[in-house]
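Engineer: The amino acid sequence is not available; the structure is as follows:
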């Protein structure tokens, strides 16, 4: 063998070994709560309004970082409803966000962020602009749920955001028909709010929370989740998909899946943006189709930096884990969702359609 060929072989072997070593360092286990609040410094608050006579619900979910978190965003849906996303671009001034709001109500629901700002201002949390003066940085995204089993005029406002912010805390996160997931639907079934977390073998923690209001479905005709193969710790009752795919009809502009991914890693805004872009693949794996014309799919990233090591060489692993964690959170959202059967309003949950698979 010539020296050049030997050198090429050695280089190839070294590359394979490096790839294997890096992949091994990305080994994943669920966090203690399997929730976004496993990330130190992250709190979640929710407010849900339910019409007892019609079964119609809507609500707001807020993810708070009282110490601030470096933010990023990926927006790939064709019908977004967002607020304060431009400031997350790497070239813009503000580095950290104080909270992210996910809300129902379509574009009207963006008003929930006003209440979160007032809540944080009262605590002195925000971007300083003068003596005892702050402007809380609160990016937001909304999904469409107005007029579902309730009057179109019932939607989140500033009071929803204020209540959700005041309720924010660490610990377990309620899932299903709560907060931004209260009025959600997914591919003709009941959608909802879900969360999951991942602890990498290097100690970095990644968490996700998602409100699934998708035009696409999350499972096949036999009830197997498209993202079931990403299960960690026996968290799902299902095997990988084997049945035929189904693409249900949807009402244009009445969808959207919105999410927050948080990590303990210390990232720059550019790195947080890249993680958000990689995390978006988690939606594409879990929902078919995703990022469509009538979807406003948006994913925020919040990097708390409680893990102070340089994360420059860890971004790929964090982004990969973010995608997996987001996919798993989508599955949890659908599993936790509950049917609505009140008067003429009937929306079946996954577990009503496949009770044998939810026995676990």
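Structural biologist: Ah, there it is. For clarity, every value in this text was computed on a predicted model and none was experimentally measured. Numbers count the residues shown, from 1 in each chain.
Engineer: Am I right that residue 99 sits in a strand?
Structural biologist: Yes: under DSSP: H, G, I helix; E, B strand; the rest coil, residue 99 falls within a strand.
Engineer: let's have the chain start at 280 instead
Structural biologist: With 280 as the first residue, the last one maps to residue 378.
Engineer: So it sits against residue 341, correct?
Structural biologist: Yes: if you go by CB atoms under 8 Å, residue 378 and residue 341 touch, sitting 5.5 Å apart. No exception for glycine: its C-beta is placed from N, CA and C like everyone else's.
Engineer: Now for the two: what residues contact both?
Structural biologist: 395, 444 (CB atoms under 8 Å, 6 or more residues apart in numbering).
Engineer: neighbour-wise, which of the two wins?
Structural biologist: Neighbour count, other CB atoms under 10 Å: between residue 378 and residue 341, residue 341 has more, with 34 against 31.
Engineer: Let me know the secondary structure of the residue lying closest to the more buried one once chain neighbours are set aside.
Structural biologist: In space, and not counting its chain neighbours, residue 341 is closest to residue 443: 4.4 Å by CB to CB, 6 or more residues apart in numbering. Here residue 443 is recorded as helix under three-state DSSP.
Engineer: wait, what's in contact with residue 443?
Structural biologist: When contacts are counted by CB under 8 Å, 6+ apart, residue 443 is found next to 324, 325, 326, 338, 339, 340, 341, 380, 391, 394, 395, 458.
Engineer: same deal with residue 388?
Structural biologist: Each residue near residue 388 by CB under 8 Å, 6+ apart is listed here: 337, 339, 360, 382, 421, 422, 434, 435, 439.
Engineer: try 10 Å this time
Structural biologist: By CB atoms under 10 Å, 6 or more residues apart in numbering, the contact list for residue 388 reads 337-339, 360, 362, 380-382, 419-425, 434-436, 439-440, 459.
Engineer: what do you get for residue 599?
Structural biologist: Contacts of residue 599 by CB under 10 Å, 6+ apart are 302, 305, 307, 477, 479, 485, 554, 557, 558, 560, 561.
Engineer: quick one: what helix or strand has the nearest residue to the third one once chain neighbours are set aside in it?
Structural biologist: Spelled out, it's residue 307. Nearest non-adjacent residue to residue 307, counting by CB to CB, 6+ apart: residue 477, 4.7 Å away. For residue 477, the enclosing helix or strand under DSSP states H and E is strand 471-479.
Engineer: With residue 582 instead?
Structural biologist: strand 577-589.
Engineer: Partner strands of that strand and their direction?
Structural biologist: strand 336-354 (antiparallel), strand 537-545 (parallel) (DSSP bridges).
Engineer: May I see the buried residues of that strand?
Structural biologist: Using 16 or more other CB atoms under 10 Å as the test for burial, strand 577-589 gives 577, 578, 579, 580, 581, 582, 583, 584, 585, 586.
Engineer: quick one: the third one and residue 542 touch, right?
Structural biologist: No: the pair residue 579 and residue 542 does not pass the contact test of CB atoms under 10 Å, sitting 11.8 Å apart.
Engineer: and for the two, which residues touch both?
Structural biologist: Common neighbours of residue 579 and residue 542 (CB under 10 Å, 6+ apart) are 348, 551, 558.
Engineer: Export the residues you listed to CSV and append columns for distance to residue 534 and neighbour count.
Structural biologist: Shown next, in CSV, are the shared contacts of residue 579 and residue 542 (distance: CB to CB, whole Å; neighbours: other CB atoms under 10 Å):
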residue, distance to residue 534, neighbour count
348, 28, 32
551, 26, 29
558, 19, 30
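Engineer: Out of these, which comes closest to residue 592?
Structural biologist: The closest of the shared contacts of residue 579 and residue 542 to residue 592 turns out to be residue 551 (CB to CB; 15.7 Å).
Engineer: quick one: buried residues of whichever helix or strand comes after the strand holding residue 582?
Structural biologist: Following strand 577-589 in sequence order, the next helix or strand is helix 594-615 (DSSP H and E). Buried residues in helix 594-615, counted by 16+ other CB under 10 Å: 594, 596-615.
Engineer: Helix 594-615 vs strand 577-589, what angle?
Structural biologist: 140 degrees (axes from the mean of the first three to the mean of the last three CA atoms, to 10 degrees).
Engineer: Check the average confidence over the helix or strand following helix 594-615, would you?
Structural biologist: For helix 594-615, the following helix or strand on the C-terminal side (DSSP H and E) is strand 619-621. Strand 619-621 comes out with an average pLDDT of 88.
Engineer: List the buried residues of strand 619-621.
Structural biologist: residue 619.
Engineer: How far off centre is whatever helix or strand comes next after that strand?
Structural biologist: Sequence-wise, the next helix or strand downstream of strand 619-621 (DSSP H and E) is strand 624-626. Centre-to-centre, strand 624-626 and its host chain are 25 Å apart (CA atoms, centre = their mean, to the nearest Å).
Engineer: cool, and stretch 370-384?
Structural biologist: With CA atoms, centre = their mean, you get 14 Å for stretch 370-384.
Engineer: So which of the strands paired with strand 577-589 is nearest residue 447?
Structural biologist: Of all those, strand 336-354 comes closest under CB to CB, at 4.5 Å.
Engineer: could you give the angle of the closest one to strand 471-479?
Structural biologist: 40 degrees.
Engineer: quick check: mean pLDDT across strand 336-354?
Structural biologist: Strand 336-354 comes out at a mean pLDDT of 96.
Engineer: Show me what counts as buried in that strand.
Structural biologist: 336-344, 347-354.
Engineer: Partner strands of the helix or strand just after it, with direction?
Structural biologist: Using DSSP H and E, the helix or strand that follows strand 336-354 in sequence is strand 361-362. According to DSSP bridges, strand 361-362 has the following sheet partners: strand 419-421 (antiparallel).
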